[in-house]
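Colleague: Sequence isn't available, so here's the structure alone:
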């Protein structure tokens, strides 16, 4: 069964919880919002909330759990953020230590979960407008890169903005700006188009996260702020523990994409 694009979010989450799906979620549950995840201890939760408010392009906030709760009450019914993401990453004192498929054993009673908007959400409207999405075509993860664009500091948290990249024809890039600007809750419009060196990226064929994709003749790279930014921030800020989604492996919510459109 591979018609994941047409399945309901709760059905996809069940397959993830059962570890039938263990990889990137791009294109799954078409029309429903996907989310990045950050879990930290309560002592750092206010700082991270402020960080999200100060950096809304990279960290557009969709939901926050109560301390100790693993239930995202606003965006999904019956979900469990400990089990409903294909892969998680564990960062301890800024060091990425392991990747796991279930974080029940890592959960602590003073943890707070943050669910952040994901650019996978606006890919469906791009495809519907005839704009190809290369990582979906090539059945791989979206390429993501650390940049020299620094986030605005908030308490403990600081670090570089991470971007996701999609190659496009110039005319498609213009349309993509128009389409994605309607979705500020899932990163909105691109933060850069064209020369990657201007934002500190030396080699597009060597992403920091995800997979490299083909860039065809006449195409230009288009960069969106990315919800993997907190992982780069964790490496620099070094909280005692941060649990995140593995890049490309998202939480699929019950929220329709159209609910997040401002037009």
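Modeller: All right, it came through fine. Predicted, not measured: the structure shown is a model, and the values here were computed from it.
Colleague: When you work out contacts or count neighbours from here on, use the C-alpha atoms and nothing else.
Modeller: Will do.
Colleague: next SSE after the lowest-mean-pLDDT helix or strand in the chain?
Modeller: Lowest by mean pLDDT, DSSP states H and E among the helices and strands of the chain is helix 123-128, with a mean of 90. Sequence order places helix 134-137 as the next helix or strand after helix 123-128, per DSSP states H and E.
Colleague: So which elements touch the least confident helix or strand of the chain?
Modeller: In terms of contacts (3 or more Cα pairs under 8 Å, 6 or more residues apart in numbering; DSSP states H and E), helix 123-128 is packed against helix 170-180.
Colleague: Which positions within the helix it packs on qualify as buried?
Modeller: For helix 170-180, burial by neighbour count (16 or more other Cα atoms under 10 Å) applies to 170, 172-173, 176-177, 179-180.
Colleague: nearest to residue 75, of those?
Modeller: Using Cα to Cα, residue 180 comes nearest to residue 75 of those, at 20.7 Å.
Colleague: Measure how buried the nearest residue to residue 218 once chain neighbours are set aside is and give me the count.
Modeller: Excluding its sequence neighbours, the residue lying closest to residue 218 (Cα to Cα, 6 or more residues apart in numbering) is residue 169, at 6.3 Å. Using other Cα atoms under 10 Å, residue 169 has 17 other residues around it.
Colleague: give me every residue that touches residue 169.
Modeller: Going by Cα atoms under 8 Å, 6 or more residues apart in numbering, residue 169 touches 218-220.
Colleague: Not counting the least confident helix or strand of the chain itself, show me its contacts.
Modeller: 27, 30-31, 132-133, 176, 179.
Colleague: Buried by neighbour count: which residues of that helix qualify?
Modeller: Going by neighbour count (16+ other Cα under 10 Å), the buried part of helix 123-128 is 123-126.
Colleague: Now do the same contact list for residue 193.
Modeller: Going by Cα under 8 Å, 6+ apart, residue 193 touches 220-223.
Colleague: re earlier: any idea which of the contacts of helix 123-128 is the one closest to residue 228?
Modeller: residue 27 (18.1 Å).
Colleague: Make sure residue 238 is actually in contact with residue 90.
Modeller: No - counting by Cα atoms under 8 Å, residue 238 stays clear of residue 90, with 12.0 Å between them.
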